[in-house]
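Asker: Please find the sequence and the predicted model below.
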Amino acid sequence: MFEKMFKNVHERSPIVHCITNYVTVNDVANIILALGASPIMADDIEEVSDITSICNSLVLNIGTLNCRTIESMIEAGKTSNKLGHPIVFDPVGVGASKLRMDTTLKLLKEVKFSVIRGNASEIKAIISKTKTSGGVDVSLEDIISEDNLDKYIKIGKEVSKANNAVVAITGPIDIVTNGEKTYLIRNGHKSMGRITGTGCMLTGVIGGFIGANPENVLDSTAAAVAVMGLCGELANQKTAERALGTGSLRTYIIDYMSNLRGEILKEELKIESR
Amino acid sequence: MFEKMFKNVHERSPIVHCITNYVTVNDVANIILALGASPIMADDIEEVSDITSICNSLVLNIGTLNCRTIESMIEAGKTSNKLGHPIVFDPVGVGASKLRMDTTLKLLKEVKFSVIRGNASEIKAIISKTKTSGGVDVSLEDIISEDNLDKYIKIGKEVSKANNAVVAITGPIDIVTNGEKTYLIRNGHKSMGRITGTGCMLTGVIGGFIGANPENVLDSTAAAVAVMGLCGELANQKTAERALGTGSLRTYIIDYMSNLRGEILKEELKIESR
Amino acid sequence: MFEKMFKNVHERSPIVHCITNYVTVNDVANIILALGASPIMADDIEEVSDITSICNSLVLNIGTLNCRTIESMIEAGKTSNKLGHPIVFDPVGVGASKLRMDTTLKLLKEVKFSVIRGNASEIKAIISKTKTSGGVDVSLEDIISEDNLDKYIKIGKEVSKANNAVVAITGPIDIVTNGEKTYLIRNGHKSMGRITGTGCMLTGVIGGFIGANPENVLDSTAAAVAVMGLCGELANQKTAERALGTGSLRTYIIDYMSNLRGEILKEELKIESR
């Protein structure tokens, strides 16, 4: 099933409209292309409705939000909702400032998202609705392990139900849930946290998967999370073998995504259904 | 002749002012440096005239245009025109939104360009003057081949004459024309379309070539297109030999540009005059 | 002592708030992570005070300044000053436009900086307070050598005293001074000037070092300059051995930063005290 969804991305080659941050935007575009989809970045309010109309899905990421682009996100989101396009939301650092929290709550109110993806601290902040003390990286206390897994599954389900969206909480173990059915994914490697943008890239990859598989957002989100994790694992292995570092790791993640074939997915995806 | 133009870039080391998109701006800066020229990015209307005055050429790229930068592009363009600096225009995704089309038509009206570079869909859209359905990538129907070559040469000449500019249409075969004389270039590799920004990078490279060779815009544009294509070919070969992917391809394109020597150009540039 | 400061970065893992340019922002984020610190980019005036409050240091870089972000820089700077956070300022291309010069003078007046880092042309421009003819790269006449070293040490001390800040002038020989004590650093390689952003990355690395060592800004700035130079040396050596180019050089600089261990610093840092 997950291989089929990956195949659909290649065959349908969805166009993914991204309003994302300027820190990692190049990597987001390149990994979407590597996946076999087609990215288009556009954030001026005068064109976001036009652009999103020719696309198959929308990615909203608040990593470097500003007053101008917040309005564009809402406009693009509403247009996508009208057209029935799936939308994925990445509340980067939502707990780090009042602006990010207010914007997140506004977006969740005015736009219907298909998927919300964040680390455990970000997803928790959405529930608490208050600015916390953390930055854009997950807090140490929020690192998902076998020991605290049930707690985060519960949090994921709560955010999912409250927003009628699939929720993906990423960490050492990834949780993807629609409030009823939950997938646990054990692909990935901790070194991915040592480069900027692996979260943003994953959100872009989810945009590609749900753009090609809008009829099955839960499963295609799980597939995206596992596929991105697998690329991270493979890239980490090559980086370590060659005694290279995080610059090469970033390059190899995109390399592996661009060379990925369906066969390897059958063997290597570690997706558990609960 | 083309080697001489490449040599001029190294000797004159032109400064290239770029108002370009934030998706690929880092690659544009790095490939201009790799070429032996010097990039400067500046887009605030309060400084674009100052900046462009100390430069040798100007690059305008509408890939992530917004209301603020559109005005800056016009201001920089007018100042460059007054100073007689060559300007290259990249109408990224001009058919994708009304804003891009309106901005393109406004720029073409208010600024005199030396070179307009786009894929076949973008150059066609400039003639039709209407929003089309495509994104930022070329439409399948607009991929240039030996079979439809004459049609696109004609389109190139038409846009060239209408705007009194050299037009470069890039694709499997590249067309560079000033309305009278035409070059066909058969360097390049299709894998270049699998990374973001090869078009933007080429536009930056053209900025370097025409900044160093303002007395011969047609030939130096053809040289730039061929040189960029050659780097793509070589990078693709190395990527394939090493079983790497599109992340490495991007790195190697810049590597080859930075190591290029005049001798290889004599043997490897595939430029046909028509 | 310098190894200890490096160790402190790893142990304290400071959060570094960056308001920087969109050309090199991704490299700045990745090298800060590679160093062992944690970057957060945020430039909207509605959130910069919130963001900088949860950070340990602030980086201000005017490489692609605009009217919106200038205000944010001042706001973030004032908040950081109130909180006693160290701030590093990078006056990219300050001589290239009136806007950059005015902004630099305004920032120097309204914000108390811990460190000012630039190339020799930029630091000279701060003294002259007038727009010069240069771009963002150092002028040929301003390349620091053993012959003109004393002149630039004097300039560095003058800017340091006038602004009550540590000044780092980078070039073939780097000068770091607090007006009294001066360090000369002979790490680095000229190839670093062939990629965009090595200056911006260094400024980010200084942000990491002073965020972890706020009690000793002079020494930690010297350590940052030497460590960045060492990564450039090592990366240049690997690039040359493998006959690669500037694309790989950039990747390897980040690789080396991520793999750096305290032991190598003891042997390879070339820091002379004067």
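Answerer: Noted; the coordinates are in hand. Numbers count the residues shown, from 1 in each chain, chains lettered A, B, ... in the order given.
Asker: What pLDDT is listed against the closest residue to A:S191 other than its chain neighbours?
Answerer: Spatial nearest neighbour of A:S191, chain neighbours left out: A:N236 (4.7 Å); criterion: Cβ to Cβ, 6 or more residues apart in numbering or on different chains. (Each C-beta comes from the backbone N, C-alpha and C, glycine too.) In the prediction, the pLDDT value recorded for A:N236 is 98.
Asker: Could you do A:S133 as well?
Answerer: According to the prediction, A:S133 has pLDDT 65.
Asker: what's near enough to touch the residue in the stretch 51-200 of chain A positioned nearest to chain B?
Answerer: Of all residues in the stretch 51-200 of chain A, A:I51 sits closest to chain B, at 5.4 Å by Cβ to the nearest Cβ. Shown in contact with A:I51 (Cβ atoms under 8 Å, 6 or more residues apart in numbering or on different chains): A:H17, A:I40, A:A42, A:A76, B:A96, B:S97.
Asker: Now do the contacts for the residue nearest to A:S191.
Answerer: Contacts of A:N236 by Cβ under 8 Å, 6+ apart are A:H189, A:S191, A:M192, A:L249.
Asker: If we use 10 Å, what do you get?
Answerer: Applying Cβ atoms under 10 Å, 6 or more residues apart in numbering or on different chains to A:N236 gives the contacts A:G188, A:H189, A:K190, A:S191, A:M192, A:R194, A:L249, A:Y252, A:I253.
Asker: Those, buried ones only, as a ChimeraX selection?
Answerer: Burial among the contacts of A:N236 is assessed by 16 or more other Cβ atoms under 10 Å in any protein chain shown; the matching ChimeraX selection reads:
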select /A:188,189,191,192,194,249,252,253
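Asker: Out of the contacts of A:N236, which is nearest to A:I173?
Answerer: A:G188 (8.8 Å; Cβ to Cβ).
Asker: My read is that A:T64 contacts A:T24, right?
Answerer: Yes. Between A:T64 and A:T24 there is a contact at 9.3 Å, judged by Cβ atoms under 10 Å.
Asker: Give me the common contacts of these two.
Answerer: By Cβ under 10 Å, 6+ apart, the residues touching both A:T64 and A:T24 are A:V92, C:V25, C:M41.
Asker: From those residues, which land in helices?
Answerer: C:V25 (DSSP state H).
Asker: Considering only the shared contacts of A:T64 and A:T24, which also neighbour chain B?
Answerer: C:V25 (Cβ under 10 Å from any Cβ of the partner chain).
Asker: ok, and the most crowded of the shared contacts of A:T64 and A:T24?
Answerer: Most neighbours among these, by other Cβ atoms under 10 Å in any protein chain shown: C:V25, with 32 neighbours.
Asker: Tell me who's in contact with it.
Answerer: Counting by Cβ under 10 Å, 6+ apart, C:V25 touches A:21-26, A:64, A:196, B:22, B:25-26, C:18-19, C:39, C:41, C:43, C:61, C:63-64, C:197, C:200, C:204.
Asker: Tell me which residues touch the most centrally placed residue in chain A, please.
Answerer: Taking Cα atoms, centre = their mean as the criterion, A:T203 is the residue nearest the geometric centre of chain A, at 2.2 Å. Applying Cβ under 10 Å, 6+ apart to A:T203 gives the contacts A:18, A:20, A:24, A:28, A:59-61, A:63, A:88-90, A:92, A:115-118, A:168, A:170, A:197, A:224, A:228.
Asker: From the residues you listed, which land in strands?
Answerer: Judged by DSSP state E, the contacts of A:T203 include A:18, A:59-61, A:88-90, A:115-118, A:168, A:170 as members of strands.
Asker: do stretch A:53-67 and chain B meet?
Answerer: Yes. Shown here: stretch A:53-67 in contact with chain B (Cβ under 10 Å from any Cβ) through A:S53, A:I54, A:C55, A:T64.
Asker: Save these as JSON lines, and put in secondary structure, neighbour count and pLDDT too.
Answerer: Shown next, in JSON lines, are the residues of stretch A:53-67 next to chain B (DSSP: H, G, I helix; E, B strand; the rest coil; neighbours: other Cβ atoms under 10 Å in any protein chain shown; pLDDT from 0 to 100):
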{"residue": "A:S53", "secondary structure": "helix", "neighbour count": "17", "pLDDT": "96"}
{"residue": "A:I54", "secondary structure": "coil", "neighbour count": "18", "pLDDT": "96"}
{"residue": "A:C55", "secondary structure": "coil", "neighbour count": "26", "pLDDT": "97"}
{"residue": "A:T64", "secondary structure": "coil", "neighbour count": "23", "pLDDT": "96"}
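Asker: restrict the residues you listed to contacts with chain C.
Answerer: Within those, those near chain C by Cβ under 10 Å from any Cβ are A:T64.
Asker: Next, work out how far apart A:E71 and chain C are.
Answerer: Computed with Cβ to the nearest Cβ, to the nearest Å, the distance linking A:E71 and chain C is 13 Å.
Asker: Go ahead and confirm that residue touches A:V48.
Answerer: Yes. Proximity of A:E71 to A:V48 meets the contact threshold set by Cβ under 10 Å, at 9.1 Å.
Asker: Can you pick out the residue with more neighbours from these two?
Answerer: Legend: neighbour count by other Cβ under 10 Å for A:E71 and A:V48, higher for A:V48 (27 against 14).
Asker: how much space between the residue nearest to A:S191 and chain B?
Answerer: Relative to chain B, A:N236 is positioned 14 Å away (Cβ to the nearest Cβ).
Asker: Tell me the secondary structure at that residue.
Answerer: Look at A:N236: counting by DSSP: H, G, I helix; E, B strand; the rest coil, its state is helix.
Asker: A:E110 is in contact with A:I74, correct?
Answerer: Yes. Taking contacts as Cβ under 10 Å, A:I74 lies within contact range of A:E110: 5.5 Å.
Asker: model confidence over stretch A:9-27, on average?
Answerer: 97.
Asker: which of the residues in it are buried?
Answerer: Buried residues in stretch A:9-27, counted by 16+ other Cβ under 10 Å: A:9, A:12-27.
Asker: And the helices in the stretch 1-150 of chain A?
Answerer: In the stretch 1-150 of chain A, the segments counted as helices under DSSP state H, counting those that start in this stretch are A:2-12, A:25-35, A:48-53, A:67-83, A:98-110, A:120-128, A:149-163.
Asker: and among those, the most buried is which?
Answerer: Across the helices of the stretch 1-150 of chain A, averaging neighbours per residue (mean count of other Cβ atoms under 10 Å in any protein chain shown) puts helix A:25-35 on top, at a mean of 28.
Asker: so it versus helix B:25-35, what angle?
Answerer: 90 degrees (axes from the mean of the first three to the mean of the last three Cα atoms, to 10 degrees).
Asker: so how far is helix A:25-35 off the chain centroid?
Answerer: Remark: helix A:25-35 is offset 13 Å from the chain centroid, using Cα atoms, centre = their mean, to the nearest Å.
Asker: Please apply the same query to stretch A:79-91.
Answerer: Relative to the centre of its chain, stretch A:79-91 is centred 13 Å away, using Cα atoms, centre = their mean.
Asker: low-scoring stretches of chain A, by residue?
Answerer: A:133 (pLDDT under 70).
Asker: The contacts of A:N236: which two are farthest apart?
Answerer: Spanning the widest gap among these are A:K190 and A:Y252, at 15.7 Å by Cβ to Cβ.
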